[in-house]
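Undergrad: 3D model of this:
(2 chains)
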Amino acid sequence: DGGITQSPKYLFRKEGQNVTLSCEQNLNHDAMYWYRQDPGQGLRLIYYSQIVNDFQKGDIAEGYSVSREKKESFPLTVTSAQKNPTAFYLCASSTNQGSDEQFFGPGTRLTVL
Amino acid sequence: KQEVTQIPAALSVPEGENLVLNCSFTDSAIYNLQWFRQDPGKGLTSLLLIQSSQREQTSGRLNASLDKSSGRSTLYIAASQPGDSATYLCAVVNSGGSNYKLTFGKGTLLTVNP
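TA: Modelled structure (predicted):
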């Protein structure tokens, strides 16, 4: 089945810890995105990558880091510098055509203990 | 800066009713507009994609329209069912930018009562 997988589904972080969220896609898409969703707010873009070995900051990149070593994978690290990391994190992918559809993974819920 | 607004924020209807969800956006320079469905604790499921050159798209009981010049879209759901209960999100991709990020509204929480 083609699609986007995210793991883990739930993640708990202690203060001062870095944690990494996984995102994998087998849709052969060049572009991948990380969004954050908070209650009562729309989704906001954290980072995006339009091609392997390249990525750009989105609207709320502070306290996050990413890598794009493979086309299929776009992991997100939530660092200890992110002061309010509790949220629902969604990964998406698309072709590099602005007119094309974006597809989303099932999400990871991160909670700070 | 693109802003997307969805009205109403919440809607409760009896089963079988036809309903309309509204979405407006401030910058009409878009590539496309997507409607998504989100169930509690789940990811987003794409419902309909309307290209900037199109006026509407249909899928089953769903029909989405786009009036780009006025910055408006509507999602029409015919003969609503309890299984339609979810949050519906509208999002646009701006043209002329350096990436194809989606700008989202805050969603409409729909409850269809049996």
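Undergrad: confidence score at the residue lying closest to A:Asp54 once chain neighbours are set aside?
TA: Computed as C-beta to C-beta, 6 or more residues apart in numbering or on different chains, the closest residue to A:Asp54 that is not its neighbour in sequence is A:Arg68, at 6.7 Å. Where C-beta positions appear, they are placed from N, C-alpha and C, glycine not excepted. According to the prediction, A:Arg68 has pLDDT 97.
Undergrad: hang on, A:Arg68 is in a helix, isn't it?
TA: No - counting by DSSP: H, G, I helix; E, B strand; the rest coil, A:Arg68 is not part of a helix but coil.
Undergrad: For it, give me phi and psi.
TA: The phi/psi pair for A:Arg68 (degrees, to the nearest 10) reads phi -140, psi 70.
Undergrad: Flag the shaky bits of chain B, pLDDT-wise.
TA: Low-confidence segments of chain B (pLDDT under 70): B:97-98.
Undergrad: Next to chain A, which bits of it? Give me the list.
TA: Counting by C-beta under 8 Å from any C-beta of the partner chain, the residues of chain B close to chain A are B:4, B:31-32, B:34, B:36, B:41-46, B:49, B:51-52, B:89, B:91, B:93, B:95, B:98-107.
Undergrad: correct me, but the residue nearest to A:Asp54 touches A:Asp30?
TA: No - A:Arg68 sits out of contact with A:Asp30 when judged by C-beta atoms under 8 Å, with a separation of 10.1 Å.
Undergrad: Comparing these two, which residue is more hemmed in?
TA: Each of A:Arg68 and A:Asp30 has its neighbours counted (other C-beta atoms under 10 Å in any protein chain shown); A:Arg68 has more, 19 against 15.
Undergrad: Now do the same contact list for the more buried one.
TA: A:Met32, A:Ser49, A:Ile51, A:Val52, A:Asn53, A:Asp54, A:Phe55, A:Phe74 (C-beta atoms under 8 Å, 6 or more residues apart in numbering or on different chains).
Undergrad: which neighbours do A:Arg68 and A:Asp30 share?
TA: Joint contacts of A:Arg68 and A:Asp30 (C-beta under 8 Å, 6+ apart) are A:Ile51.
Undergrad: Out of the contacts of A:Arg68, which end up buried?
TA: A:Met32, A:Ser49, A:Phe55, A:Phe74 (16 or more other C-beta atoms under 10 Å in any protein chain shown).
Undergrad: got a list of what the residue positioned nearest the centre of chain A touches?
TA: Residue closest to the average C-alpha location in chain A (C-alpha atoms, centre = their mean): A:Trp34, at 2.9 Å. A:Trp34 is in contact with A:23, A:45-48, A:58, A:64, A:66, A:74, A:76, A:89-92, counting by C-beta under 8 Å, 6+ apart.
Undergrad: Chain B contacts on chain A?
TA: A:6, A:31, A:33, A:35, A:40-45, A:48, A:50, A:56, A:58, A:88, A:90, A:92, A:94, A:96-107, A:109.
Undergrad: What's the local residue count around the residue lying closest to A:Thr79 once chain neighbours are set aside?
TA: In space, and not counting its chain neighbours, A:Thr79 is closest to A:Asn18: 5.0 Å by C-beta to C-beta, 6+ apart. A:Asn18 has 12 neighbouring residues, counting by other C-beta under 10 Å.
Undergrad: From A:Asp38, how far out is A:Asn18?
TA: Per C-beta to C-beta, to the nearest Å, A:Asn18 is found 20 Å from A:Asp38.
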